[in-house]
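[1] okay, predicted coordinates and the sequence, questions at the end:
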Amino acid sequence: MDLMGDKAGFESSHAAALEGARLLRLGDLETAEPRLRAAAAEGERSAANNLGVLLSQSGRMDEAAEWWRIAAVAGSAPAAHALGRLHRERGDETAAEFWLRQAAESGHASGAYALAALLDHRGVAEAERWFRTAAERGHREGAYRYAELLAVADGGKAAEPWFRQAAARGHRRAALRLGALLEADGALGEASHWYQAAAEAGEAKAAAALGFLLRDAGEADGAEQWWRRAARDGDGPAANALGALHAERGERQEAQRWYRAAVEAGDMNGAFNLALLSVEAGRMAQAEQWYRRAAYAGHREAANALAVLLLQRGDASGAEPWFSKAAEAGSVDAAFNLGILHAGRGEAGLARRWYEQAAAAGHAEAALQIAVGLLRPGSGEADLHRAEEQLRVAADGGSVEGAFRLAVLLERRALRSGEAGAEPATAGEPGEAADAEPEHERWYERAAERGHRRAQVRLGMCAAARGDVVTAARWYRAAAEAGSRNGAFNLGLLLAREGSEPEAALWWTRAAEAGHGRAALRLALLASRRGDLDAGGNWCTRAMELGPPEVAARASRLREALRQELTA
């Protein structure tokens, strides 16, 4: 009879526990409570845990904690988890860790996550292990947090499967991070899928990222749709992107509206772009206000632009601190501008410091300035070698002048080592006569193709030295038509040698009128041979005025001879 009674009592308490749990799930707390109390009093640990839940929902936290403690001592992992969380909320982290560790070690996924979060808060390395344990037990936030730790450690490769696990379980931030990793790996289709999943779940940053992805794919309409969605949810970059879109369309008012929305959302790119719009409209005072707002918020390019604006109106002392602030924040252009500012004051050491900072970040013109400083008269081999390195940085970075100066340096080195051939027709300037195109010619050509007149002349001289008259004429003509007096003079020499003296005279005239003494002397000789002694005398006078000294001396002798002939 006693055994039957015990069995009946057990079945009765178990049934009460089940019924109490059912009523609790339905939200019928009043009916559930007596059943759970009865079952808990009979030792049903699930009932004790659920009674704790019911009491916490009713605001009776102290009693809830007591029942959770009873259940946890009896081995209930959910109760240990709940008790641990309550202790943490109350600031008792020691007790919290004790109960959360019990829950975690009993296989409770949320207990493992809560323990990991507590340890991570304290900076304890063991947190990573428990985040992973929670993730392995299917806890999506645990998977996300574990992935974030891995992403910091290795840049994301090891994190990807954990972001994927969390994203597949509906974690929108994990979907965003997964999309970003996939985009970086070039898997744009899959990245788009996860961005969209996150965006549709309400993640504004994902909607913005999807917009940028679509823009880069040429789908402006789709990009605009997602940017609008993100901007409405307060995403600053999306609002700024909408502003840029309207600015490109010439819709100034709409652009301003979205740029202002970006500023209100905390994106200072909006303020910077509002300043640019103001500059375009000639409203410099308004531009300065927007630049200042962005610069004070730490926008480095705004700080640089503000400094440029101040410098343009003569306020160098006001500009310098903004250049410094921008440069120290990583603005390459600001570092270069500081170099220019110090160079203008004769502060060579400070100028070089900032040029070097900019050049190290790939600023072509800064590298050019360093090279120019090294290529001073009497430079030793070490300086020449360093100058070459900087000129290569400048030339590779798109500096036309850098390409030209690199070519000059290489050509002079080739001449010193005997690799270059005969001297060109024009006295005092080296040429090239090698069969294969030397490196310096390739750099001359790069500069010449981008309109560098001196490079065009040098390239013409190189071609003339190896007998390629057609190529030489093409480059001389290009330089001459762009206003190069040396190009016009050399083209005249070439034409004269080919028997086209009348056309040669036209180019020499252009060169002489632009101040080329040798061209004036050539015209004087040409006129004297034709018997036009007055014109010859006039060109001699012009050649004497223009020089250089050896040309002036020849012109003087010729003019005297012409005068004697005129008076004979």
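    On my side now, so go ahead.

[2] quick check: R446 vs L459, distance?
    Using C-beta to C-beta, to the nearest Å, R446 is found at 10 Å from L459. (Glycine included, C-beta is placed from N, CA and C.)

[3] neighbour count winner among these two?
    Each of R446 and L459 has its neighbours counted (other C-beta atoms under 10 Å); L459 has more, 29 against 21.

[4] that one: which element?
    For L459, the element it lies in under DSSP states H and E is helix 453-465.

[5] and what of G218?
    Secondary structure from DSSP H and E places G218 outside every helix and strand.

[6] cool, and A180?
    A180 belongs to helix 172-184, assigned by DSSP H and E.

[7] buried residues in that helix?
    In terms of neighbour count (16 or more other C-beta atoms under 10 Å), helix 172-184 has its buried residues at 172-183.

[8] got any ranges where the chain has weak pLDDT?
    1-11, 418-436, 568 (pLDDT under 70).

[9] my guess is R215 contacts D221. True?
    No. Using C-beta atoms under 8 Å, R215 makes no contact with D221, being 10.1 Å away.

[10] the more surrounded of these two?
    Between R215 and D221, counting by other C-beta under 10 Å, R215 is the more crowded of the two (18 against 7).

[11] what sits closest to that one if chain neighbours are left out?
    Setting aside the residues directly before and after it, R215 is nearest to A223 in space (C-beta to C-beta, 6 or more residues apart in numbering), at 4.0 Å.

[12] and the contacts of the helix or strand that the one you found is a member of?
    Assessed by DSSP H and E, A223 sits inside helix 220-232. With C-beta atoms under 8 Å, 6 or more residues apart in numbering as the test, helix 220-232 has contacts from 199, 204-205, 207-208, 210-215, 237-239, 241-242, 245, 258, 261-262, 265.

[13] pull out the CA atoms of whichever helix or strand comes after that helix and give them to me as PDB.
    Remark: after helix 220-232, the chain's next helix or strand is helix 236-248, criterion DSSP H and E. Provided in PDB are the C-alpha atoms of helix 236-248 (Å, rounded to 0.1, in the frame of the first residue of the first chain):
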ATOM      1  CA  GLY A 236      23.600  58.100 -42.400                       C
ATOM      2  CA  PRO A 237      25.700  56.600 -45.200                       C
ATOM      3  CA  ALA A 238      22.600  55.700 -47.100                       C
ATOM      4  CA  ALA A 239      21.200  59.200 -46.800                       C
ATOM      5  CA  ASN A 240      24.600  60.600 -48.000                       C
ATOM      6  CA  ALA A 241      24.600  58.200 -50.900                       C
ATOM      7  CA  LEU A 242      21.100  59.400 -51.900                       C
ATOM      8  CA  GLY A 243      22.400  63.000 -51.700                       C
ATOM      9  CA  ALA A 244      25.200  62.100 -54.000                       C
ATOM     10  CA  LEU A 245      22.800  60.400 -56.400                       C
ATOM     11  CA  HIS A 246      20.600  63.500 -56.600                       C
ATOM     12  CA  ALA A 247      23.700  65.700 -57.000                       C
ATOM     13  CA  GLU A 248      24.800  63.700 -60.000                       C
END
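
[14] which helices and strands does helix 236-248 pack with?
    Counting by 3 or more C-beta pairs under 8 Å, 6 or more residues apart in numbering; DSSP states H and E, the packing neighbours recorded for helix 236-248 are helix 204-216, helix 220-232, helix 252-264, helix 269-280.

[15] and the last one, what other elements does it pack with?
    For helix 269-280, the contact count by 3+ C-beta pairs under 8 Å, 6+ apart identifies helix 236-248, helix 252-264, helix 284-296, helix 300-312 as packing neighbours.

[16] in TSV, list these along with distance to Q57 and mean neighbour count.
    As requested, the helices and strands packed on helix 269-280 are exported to TSV (distance: least, C-beta to C-beta, whole Å; neighbours: other C-beta atoms under 10 Å):
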stretch	distance to Q57	mean neighbour count
helix 236-248	39	23
helix 252-264	39	19
helix 284-296	49	19
helix 300-312	52	23
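
[17] turn those into TSV, columns for distance to A41.
    Shown next, in TSV, are those (distance: least, C-beta to C-beta, whole Å):
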stretch	distance to A41
helix 236-248	58
helix 252-264	59
helix 284-296	66
helix 300-312	68
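
[18] closest one to S106 among those helices?
    Of all the helices and strands packed on helix 269-280, it is helix 236-248 that lies closest to S106, at 44.7 Å by C-beta to C-beta.

[19] who touches the closest one?
    With C-beta under 8 Å, 6+ apart, helix 236-248 has contacts from 204, 207-208, 211-212, 215, 220, 223-224, 226-231, 252, 254-259, 261-263, 265-267, 269-270, 273, 277.

[20] tell me what angle it forms with helix 252-264.
    In terms of direction (axes from the mean of the first three to the mean of the last three C-alpha atoms, to 10 degrees), helix 236-248 departs from helix 252-264 by 160 degrees.

[21] kindly calculate the angle that helix 236-248 makes with helix 269-280.
    Helix 236-248 runs at 20 degrees relative to helix 269-280, counting by the same axes, to 10 degrees.

[22] how far out from the middle of the chain is helix 236-248?
    Here helix 236-248 is found 18 Å from its chain centre; the criterion is C-alpha atoms, centre = their mean, to the nearest Å.

[23] tell me the SS of P377?
    coil (DSSP: H, G, I helix; E, B strand; the rest coil).

[24] re earlier: what residues sit buried inside the helix holding A223?
    Buried residues in helix 220-232, counted by 16+ other C-beta under 10 Å: 222-224, 226-231.

[25] ditto for stretch 401-415
    401-411, 414-415.

[26] how about stretch 18-26?
    Applying 16+ other C-beta under 10 Å to stretch 18-26 flags 18-21, 23-24 as buried.

[27] who's in contact with that stretch?
    Outside stretch 18-26, the residues within contact range by C-beta under 8 Å, 6+ apart are 29, 31-33, 35-36, 39, 46-47, 50-51, 53-54.

[28] which pair of the buried residues of helix 220-232 spans the longest distance?
    Pairwise distances across those peak at 14.9 Å for G222 and A231 (criterion: C-beta to C-beta).

[29] what is the burial count for the residue lying closest to A297 once chain neighbours are set aside?
    Once flanking residues are discounted, A297 sits nearest to M268: 4.5 Å by C-beta to C-beta, 6+ apart. For M268, the neighbour count with other C-beta under 10 Å is 21.

[30] what of the one 10 residues further on?
    The burial count assigned to S278 is 19, neighbours taken as other C-beta under 10 Å.

[31] just to check, it is in contact with W290?
    Yes. S278 sits in contact with W290 when judged by C-beta under 8 Å, with a separation of 6.2 Å.

[32] could you tell me which residues touch both of these two?
    Contact criterion C-beta under 8 Å, 6+ apart; residues shared by S278 and W290: none found.

[33] any chance of the backbone angles for R283?
    phi -100, psi 80 (degrees, to the nearest 10).

[34] from W290, how far out is it?
    Following C-beta to C-beta, the distance that separates R283 from W290 is 10 Å.

[35] picking up where we left off before, which of the contacts of stretch 18-26 sits closest to F336?
    The nearest member of the contacts of stretch 18-26 to F336, counting by C-beta to C-beta, is V53 at 64.8 Å.
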